[in-house]
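>>> Can you look at this prediction? I've put the sequence above it.
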Amino acid sequence: MDPPLKDWIFSKSDVVAIEYHTSFPYAGDPFYLANPAEANARVFYNQISFTPSIRMDGPSIPAANNPAAYEALYQQRKAIGARSHRARREL
């Protein structure tokens, strides 16, 4: 993970980083090699075409290496209320 992104993530108590290991840029990544089928499925599902790559709350992709862009998107997504538990059950 690049240092500006790492610093920004660690500054937020309500942000969780989920890191997927890919076959690129290092084909010998032992975490990738432990289960390449699952890793490839996640790369395909999440449309990861380069690393590092970031998505916030689904499709939102801020500019890389730009903490101001991370913060702006974080504030934008945080302003959108979560659906209630009951509403999720009814869908």
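Yes, it's here. Numbering: from 1, shown residues only.
>>> then the longest helix along the chain to CSV, C-alphas only?
When the chain is parsed with DSSP state H, its longest helix is helix 67-78. Listed next in CSV are the C-alpha coordinates belonging to helix 67-78 (Å, rounded to 0.1, in the frame of the first residue of the first chain):
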residue,chain,number,x,y,z
PRO,A,67,-5.1,12.4,0.3
ALA,A,68,-7.3,15.4,-0.5
ALA,A,69,-9.2,13.3,-3.0
TYR,A,70,-9.5,10.4,-0.5
GLU,A,71,-10.9,12.8,2.1
ALA,A,72,-13.3,14.5,-0.3
LEU,A,73,-14.7,11.1,-1.4
TYR,A,74,-14.8,9.8,2.2
GLN,A,75,-16.8,12.9,3.3
GLN,A,76,-19.2,12.5,0.3
ARG,A,77,-19.8,8.8,0.9
LYS,A,78,-20.1,9.3,4.7
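>>> Give the other helices and strands that it contacts.
helix 3-10 (3 or more Cβ pairs under 8 Å, 6 or more residues apart in numbering; DSSP states H and E). Placement of C-beta: from N, CA and C, glycine included.
>>> Can you spell out which helices and strands pack onto the helix it packs on?
Against helix 3-10 (3+ Cβ pairs under 8 Å, 6+ apart) you get helix 67-78.
>>> contacting residues around the helix it packs on?
Contact with helix 67-78 is made by 4-5, 7-8, 12, 14-15, 54, 56-57, 60, 62-63, as judged by Cβ atoms under 8 Å, 6 or more residues apart in numbering.
>>> could you check the angle helix 3-10 makes with it?
With axes from the mean of the first three to the mean of the last three Cα atoms, to 10 degrees applied, the angle from helix 67-78 to helix 3-10 works out at 30 degrees.
>>> So for helix 67-78, what gets flagged as buried?
For helix 67-78, a neighbour-count test (16 or more other Cβ atoms under 10 Å) marks Y70, L73, Y74 as buried.
>>> Cool, thanks, signing off.
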